[in-house]
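*Asks:* sequence? don't have it. structure:
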């Protein structure tokens with residue numbers, strides 16, 4: 001009799017979990033748990049590739065098994081299915097979130113009206129930075145010294161954390177952090193004293209014309225939140241301020257076609 005996919009997944013979970021557990025025991029590392037005194041991660045070093053492969057294989061098999069045992073309806077959740085049938089366009093307020101909250105606002109406008117929810121949302125997403133948007137990668141992947149003592153506009157820069165990091169590593173640069181008023185509340189007061197002359201905060205909606213003439217415009221983790229047509233609008237709003245030689249630096253996620261990543265990586269990016 002042919003072995004079912006469910007049975008195959010159970011075997012994969014069992015064998016790969018056993019591999020990880022055996023490694024942890026051999027290295028004197030504790031078994032994973034959510035106890036208060038438990039370590040924050042498994043402690044698997046970067047060079048233990050076979051153990052990391054086993055861990056990921058167990059996770060991917062677990063995800064697929066859970067999906068199969070839930071079935072399509074439970075997996076997609078009713079509100080997602082309803083949104084797919086209700087909305088035929090690509091407007092930012094045509095989402096499952098809009099249906100669930102009974103609102104015509106897009107998610108960011110809705111969060112601005114619900115500050116408690118916004119704080120929880122911001123706290124949650126701060127833990128979900130994809131490796132391609134790691135701050136160190138941004139720092140190393142562009143020649144910031146080529147701007148000299150010029151000015152960088154951090155469009156939608158919120159707390160200014162990225163500008164602060166770059167200002168510390170590139171002491172000739174100056175920054176203007178732009179965002180909506182709610183996002184900028186209290187940011188200037190938290191700025192390190194040695195950077196107050198090099199980092200300024202400015203209220204700005206990136207769907208309105210840019211007014212700061214600068215040497216570079218950084219758009220980090222902006223475009224993945226908006227439909228393509230809105231991303232084009234954001235870029236177009238930079239045009240009035242662009243001078244010859246100005247750079248537009250985009251640091252964001254690009255999602256490859258479905259089925260090209262492993263199941264775990266696919267789940268993380270979508």
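*Replies:* Everything's here; your move. Keep in mind that what you see is a predicted model, and the values were worked out from it rather than measured.

*Asks:* wait, is residue 202 part of a helix?
*Replies:* No - using DSSP: H, G, I helix; E, B strand; the rest coil, the assignment for residue 202 is strand, not a helix.

*Asks:* Could you check how far it is from residue 124?
*Replies:* Using Cβ to Cβ, to the nearest Å, residue 202 is found at 27 Å from residue 124. No exception for glycine: its C-beta is placed from N, CA and C like everyone else's.

*Asks:* So between those two, which is more surrounded?
*Replies:* Each of residue 202 and residue 124 has its neighbours counted (other Cβ atoms under 10 Å); residue 202 has more, 14 against 9.

*Asks:* Now stretch 183-193: buried residues?
*Replies:* Applying a neighbour-count criterion of 16 or more other Cβ atoms under 10 Å, one finds 183-184, 187, 191 buried in stretch 183-193.

*Asks:* just how off-centre is that stretch within its chain?
*Replies:* 22 Å (Cα atoms, centre = their mean, to the nearest Å).

*Asks:* Repeat that for stretch 253-269.
*Replies:* 14 Å.

*Asks:* same deal with stretch 205-223?
*Replies:* 19 Å.

*Asks:* Can you tell me what sits against that stretch?
*Replies:* 133, 138, 147-148, 150-157, 162, 176, 178, 180, 202, 204, 230-231, 233-234, 237-243, 245-253 (Cβ atoms under 8 Å, 6 or more residues apart in numbering).

*Asks:* Specify which member of the buried residues of stretch 183-193 is nearest to residue 258.
*Replies:* Closest approach between the buried residues of stretch 183-193 and residue 258, by Cβ to Cβ: residue 183, at 32.4 Å.

*Asks:* list the contacts for the residue lying closest to that closest one once chain neighbours are set aside?
*Replies:* Leaving aside its sequence neighbours, residue 183 sits nearest to residue 158 (Cβ to Cβ, 6 or more residues apart in numbering; 4.8 Å). The contact partners of residue 158, by Cβ under 8 Å, 6+ apart, come to 177, 179, 183-184, 187.

*Asks:* just to revisit the earlier point, what is the most widely separated pair among the buried residues of stretch 183-193?
*Replies:* Going by Cβ to Cβ, the pair spanning the buried residues of stretch 183-193 furthest: 183 and 191, at 14.6 Å.

*Asks:* which residues touch the residue nearest to residue 58 when sequence neighbours are not counted?
*Replies:* For residue 58, ignoring the flanking residues on the chain, the nearest one in space by Cβ to Cβ, 6+ apart is residue 16 at 3.9 Å. By Cβ under 8 Å, 6+ apart, the contact set of residue 16 is 54-55, 57-58, 61.

*Asks:* One more: residue 163?
*Replies:* Counting by Cβ under 8 Å, 6+ apart, residue 163 has contacts 152, 154, 157, 175, 177, 199.

*Asks:* before we move on, which element is the spatially closest residue to the last one that is not a sequence neighbour in?
*Replies:* Going back to what we said before, that points to residue 199. Spatial nearest neighbour of residue 199, chain neighbours left out: residue 175 (4.6 Å); criterion: Cβ to Cβ, 6+ apart. Counting by DSSP states H and E, the element that carries residue 175 is strand 174-179.

*Asks:* That strand: partners in the sheet, and parallel or antiparallel?
*Replies:* strand 151-155 (parallel), strand 199-203 (parallel) (DSSP bridges).

*Asks:* Ramachandran angles for residue 38?
*Replies:* phi -70, psi 150 (degrees, to the nearest 10).

*Asks:* Count the residues that sit near the nearest residue to it once chain neighbours are set aside.
*Replies:* What sits nearest to residue 38 in space, not counting adjacent residues and going by Cβ to Cβ, 6+ apart, is residue 30, at 6.7 Å. The local packing of residue 30 (other Cβ under 10 Å) involves 13 other residues.
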